[in-house]
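> Below are the sequence and a predicted model for it; my questions follow.
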Amino acid sequence: MQDFAYHAPPTVAEAIALFAADPEGSRYLAGGTDLFLALEHGSSAVRSVIDLKAIPGLDGIAVQPDGGHRLGALLPMDDLMRDRAIRTNYRALAESAEVVGGPPIRNRATLGGNLCNASPAADTAVPLVAFMAMAVLSSASGGRAIPVVRLWEAPGRTVLRPGELMTAIELPPPLPASASTFERLTRSAMDIALLSASAVISLNDDGTCRLVTLALGAVAPTVISIPEAGEVLRDTNCDDAALARVVKAVIETVRPIDDIRASAEYRREMAGVLAKRALARAYAIAIEPAGITR
Amino acid sequence: MKHPLSLNLNGDMAENLVEARTSLLTFIRESAGLTGTKRGCEEGECGGCAVLLDGRLVDSCLILALEAQGKTVTTVEGLGDPHHLSPVQSAFAESGASQCGFCIPGMLLATTALLDREPDPDEASIREAISGNLCRCTGYTRIVKAIQLAAKLKHDGQN
Ligand SMILES: Cc1cc2nc3c(=O)[nH]c(=O)nc-3n(C[C@H](O)[C@H](O)[C@H](O)COP(=O)(O)OP(=O)(O)OC[C@H]3O[C@@H](n4cnc5c(N)ncnc54)[C@H](O)[C@@H]3O)c2cc1C
Ligand code: FES
Ligand code: FES
């Protein structure tokens, strides 16, 4: 590893200014669980590492006036998965944080780092897309918020401008009579996802689906959402015929790759299976505690 | 370029000049001379390098030494010494949980972190808590038993 300068600025503005001094040679550092290996094996020269952990207020969870939740970009997975409010209201997100690496990784790995690393297999990215979360970004020219689903262009590439810093992820208020699920397929528990799916379903008073979202990981160059799930399942009881139509849409939409972990053909087939599983389980959970009878 | 680093290592101040690229693992082993922390995969996979950073279990191979500036680091040497073993160390010794021993410092720290948070863990929590620590020798059964005994020894010690 080449040596570099190390900075731990106390404010977002100073971090952005430090980055601007050498946009090509600078990297933001959060938990380092992805960046460390990139520094070790990466091809481009890194001259300046800007540690974000000294900036106060970027690693917490705050409830918003509208009932939504604001998660700091520097929030470690371990804190996220243990948070009572998140476990209750955004279950799939807690479940996805639980499977990131082992305990020592989860004590360091941050939510923002998982998104900014732009892996199509990033576990927390999948439920965040299903929950229609927004990423809050900050740069010298001001701030903006974009839907998480629009964060990525390609594996390893985000739409963040050079030096733009993610400060938070905003979750909309939890929906009434709703449930969320996260499903993941791996070769072994410690491996990254071969495939993942997350579904969020909220119900009408009569037990039919009001709002359905479905997101898939590791089946395309970026994490994707499947809007057809919402269109097809609206006002249905999530019955087999409706699910079969969603599965068909999934299989037509995904663009999986062949790699050492699995073939594209297997991934395409399993994308349908996992999507169906995530939706059916979310529906079953949503209908139960609400006490809605069909 | 070298930067001054100072941190609390097992209760003592450790100070030195380090290059930014120096990992916390290298600092602990080569600058502070504490070799209980093991250099295994250096990719966050094996947990041989695990230490407690402000009480949280982390892989020191994936952390820059400078990220620990002003913080508290506990390595296996900080848990106890041969004459004053911590309950966790005693439990591992009594249970015969160690074969080659390479993974044990990391296991001891993972156990310490677990019992600090959850004094009475069930077997599933124990297995989860050591899931970032690989052991090539034991098959984990005796390690799990040792952790159960450690929980008991800690309880008894407090009563
Ligand atoms: C052993 C091991 C197992 C793993 N298992 C999993 C797994 O099961 N599932 C999974 O999804 N991932 C896994 N990972 C990958 C990694 O831990 C996660 O992607 C993690 O969330 C990255 O977060 P970080 O804080 O460590 O990011 P860093 O490594 O600090 O940063 C990652 C990238 O994002 C940029 N960045 C970070 N934060 C910001 C910000 N706030 N604003 C702008 N840019 C930023 C950095 O510059 C860098 O390019 C694993 C990694 C290891 C080493
Ligand atoms: S040496 Fe750090 S995890 Fe293997
Ligand atoms: S005792 Fe040898 S690696 Fe665990």
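Noted; the coordinates are in hand. Ligands and ions are numbered 1, 2, ... in the order given.

> wait, A:A97 sits on A:R106?
Yes: contact criterion C-beta atoms under 8 Å: A:A97 and A:R106 qualify, at 7.0 Å. The C-beta positions use only the backbone N, C-alpha and C, and glycine is treated the same way.

> what touches both of these two?
Residues touching both A:A97 and A:R106 by C-beta atoms under 8 Å, 6 or more residues apart in numbering or on different chains: A:77-78, A:81.

> where are the low-confidence patches of chain B?
B:158-159 (pLDDT under 70).

> Output the set of residues of it in proximity to chain A.
Counting by C-beta under 8 Å from any C-beta of the partner chain, chain B comes close to chain A at B:1, B:3, B:19-21, B:43-45, B:47, B:50, B:53, B:56-59, B:61-64, B:66-67, B:69, B:110, B:113, B:128-129, B:131-133.

> Okay, and which of those map to helices?
Those of the residues of chain B next to chain A mapping onto helices are B:110, B:113, B:128-129, per DSSP state H.

> Need these in JSON lines (columns: neighbour count).
Converted to JSON lines, these look like this (neighbours: other C-beta atoms under 10 Å in any protein chain shown):
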{"residue": "B:A110", "neighbour count": "27"}
{"residue": "B:A113", "neighbour count": "21"}
{"residue": "B:E128", "neighbour count": "16"}
{"residue": "B:A129", "neighbour count": "22"}
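
> which of these sit farthest apart?
The span of those, defined through C-beta to C-beta, is set by B:A113 and B:E128 at 11.9 Å.

> joint contacts of the two?
Shared contacts of B:A113 and B:E128 (C-beta under 8 Å, 6+ apart): A:P103.

> Is A:S138 part of a helix or strand, or is it coil?
Three-state call for A:S138 (DSSP: H, G, I helix; E, B strand; the rest coil): strand.

> Report the beta-bridge partner residues of it.
A:G143, A:L165 (DSSP bridges).

> Thought A:T167 was touching it, still the case?
Yes: between A:S138 and A:T167 there is a contact at 5.1 Å, judged by C-beta under 8 Å.

> how close does the nearest residue to A:E170 once chain neighbours are set aside sit to A:R157?
Excluding the flanking residues, the one nearest A:E170 by C-beta to C-beta, 6 or more residues apart in numbering or on different chains is A:M134, at 4.5 Å. Distance, A:M134 to A:R157, using C-beta to C-beta, to the nearest Å: 20 Å.

> which parts of chain B sit against ligand 1?
The interface of chain B toward ligand 1, taken as C-beta under 6 Å from any ligand atom, is made up of B:44-45.

> and chain B, which residues reach ligand 2?
Selection of chain B residues close to ligand 2 by C-beta under 6 Å from any ligand atom yields B:39-42, B:44-49, B:59, B:61.

> May I ask you to confirm that A:K276 belongs to a helix?
Yes: under three-state DSSP, A:K276 falls within a helix.

> got a list of what it touches?
For A:K276, the contacting residues are A:243, A:246-247, by C-beta under 8 Å, 6+ apart.

> Equivalent analysis for B:A91, please.
B:A91 neighbours (C-beta under 8 Å, 6+ apart): B:97, B:146-147, B:149-150, B:152-153.

> Out of these, which is nearest to ligand 1?
Ligand 1 has its nearest neighbour among those in B:I147, at 21.8 Å by C-beta to the nearest ligand atom.

> Verify the stated contact: the closest one with B:I130.
Yes: the pair B:I147 and B:I130 passes the contact test of C-beta under 8 Å, sitting 7.5 Å apart.

> Mutual contacts of the two, please.
Common neighbours of B:I147 and B:I130, using C-beta under 8 Å, 6+ apart, are B:111, B:114.

> neighbour count winner among those two?
Higher neighbour count among B:I147 and B:I130: B:I147, with 29 against 25, using other C-beta atoms under 10 Å in any protein chain shown.

> I am finished for the moment; much appreciated.
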